[in-house]
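Dropping the sequence and predicted coords here.
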Amino acid sequence: MFNIKALQRNKTVRYGVPMLLLVVGGSFGLREFAQIRYDSQKIKRKLDPSLEARVNVERQPVILEEEYEKIKELNLDEWRNIRGPRPWEDSKEYQEQQRSKQNKKD
């Protein structure tokens, strides 16, 4: 009887053991919840078989020489860098300004 009352008054048993159980138990619980998250992402990531076949067909190795030939055919002398509208600018109005500037130069 004396031992039980002494343990109930002991601060380590009263506060430390529940805290230790909470930390260790929380670690295991968190691991389980994280595993559920990763499993659900794997399920969502699976593609339709026909779509997956099309995606895999399109993934052909890129040959550097072929890409160089494609870029070489482009006319880069007439290329212009046009900045997009800022968030505070009206995009329709800005596009009209850019078109009018381009028409004046041509």
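That came in fine, so what should we check first? Residues are numbered from 1 along each chain as shown.

How many residues are close by residue 98?
Applying other CB atoms under 10 Å, we find 15 residues neighbouring residue 98. (C-beta placed from N, C-alpha, C; glycine too.)

List the contacts of it.
By CB atoms under 8 Å, 6 or more residues apart in numbering, the residues touching residue 98 are residue 82.

and it, what helix or strand is that in?
Residue 98 belongs to helix 91-105 when assigned by DSSP states H and E.

for that helix, the distance to its chain's centre please.
Its chain's C-alpha centre and that of helix 91-105 lie 35 Å apart, by CA atoms, centre = their mean, to the nearest Å.

So the most centrally placed residue in the chain versus residue 92, what's the distance?
Most central in the chain under CA atoms, centre = their mean is residue 41, positioned 12.3 Å from the mean C-alpha point. Applying CB to CB, to the nearest Å, the value for residue 41 to residue 92 is 39 Å.

same question, residue 34
46 Å.

Residue 40 now?
Residue 40 is 41 Å from residue 92, by CB to CB.

Equivalent analysis for residue 3, please.
Counting by CB to CB - residue 3 and residue 92 are separated by 82 Å.

Over to residue 17?
67 Å.

neighbour count winner among these two?
More crowded of residue 17 and residue 92, by other CB under 10 Å: residue 17, with 12 against 9.
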